[in-house]
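Trainee: Build me a structure from this.
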Amino acid sequence: MYLLRRLTNSPQALLVSYLILIVVSGGLYRIFERGKSLGDALWWAVVTASTVGYGDTYPTTTAGRILAGLLISIMVLFVIPLITAHFASKLIVNNDAFVHEEQEEIKHQLREIRAILEAARTAPAPAPAPPTAAAAEPVLEPAGR
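Mentor: Okay, the predicted model is just below:
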């Protein structure tokens, strides 16, 4: 799963994977279908991978047909969906998501708050204020209560 995630996040990795698939498939096609040139084999791989299927070059051996089925399946089930997912993910934007700078600012503010709290916790307690004359006078309540 990690490999698939890396492939979808990197257009370069997708392109390299596609090229490897084409070259390997073309090479195997040339082995299975004797008498085909490398150019014809690569042309067959590109046409088959794109699922166009012009019909000008096609496998006649069982191994070549199995290879064609695998190549089409890999393209349809994996490569094309990965390419689609990559470009679709670029269109999806979450405006409520924090950007990196906002996250760094929040972390900086949290460090400042922690420093203030730590300083307040380790600072000596202030001395109590002496009683004032107003505090020493009794409060008189109205009569009749």
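Trainee: When you work out contacts or count neighbours from here on, use the C-alpha atoms and nothing else.
Mentor: Will do.
Trainee: residues near E101, how many?
Mentor: 9 (other CA atoms under 10 Å).
Trainee: helix, strand or coil for it?
Mentor: helix (DSSP: H, G, I helix; E, B strand; the rest coil).
Trainee: measure it to R111 for me?
Mentor: To R111, E101 is 15 Å away according to CA to CA, to the nearest Å.
Trainee: ok, now G64?
Mentor: 64 Å.
Trainee: Neighbour count: those two, which is higher?
Mentor: More crowded of G64 and R111, by other CA under 10 Å: G64, with 19 against 12.
Trainee: got the contact list for that one?
Mentor: G64 is in contact with 29, 32-33, counting by CA atoms under 8 Å, 6 or more residues apart in numbering.
Trainee: which secondary structure element contains it?
Mentor: Per DSSP states H and E: G64 is located in helix 62-74.
Trainee: Quick check: what element follows that helix along the chain?
Mentor: Using DSSP H and E, the next helix or strand after helix 62-74 towards the C-terminus is helix 80-91.
Trainee: Need phi/psi at V93.
Mentor: Phi and psi for V93, reported as degrees, to the nearest 10, are phi -130, psi 130.
Trainee: Give the burial count for it, as a bare number.
Mentor: A count of nearby residues for V93, using other CA under 10 Å, gives 8.
Trainee: And it, how far from L14?
Mentor: With CA to CA as the criterion, V93 and L14 are 22 Å apart.
Trainee: ok, now S25?
Mentor: 16 Å.
Trainee: ok, those two, which is more surrounded?
Mentor: Set side by side, S25 and L14 show more neighbours around S25, with 24 against 20, by other CA under 10 Å.
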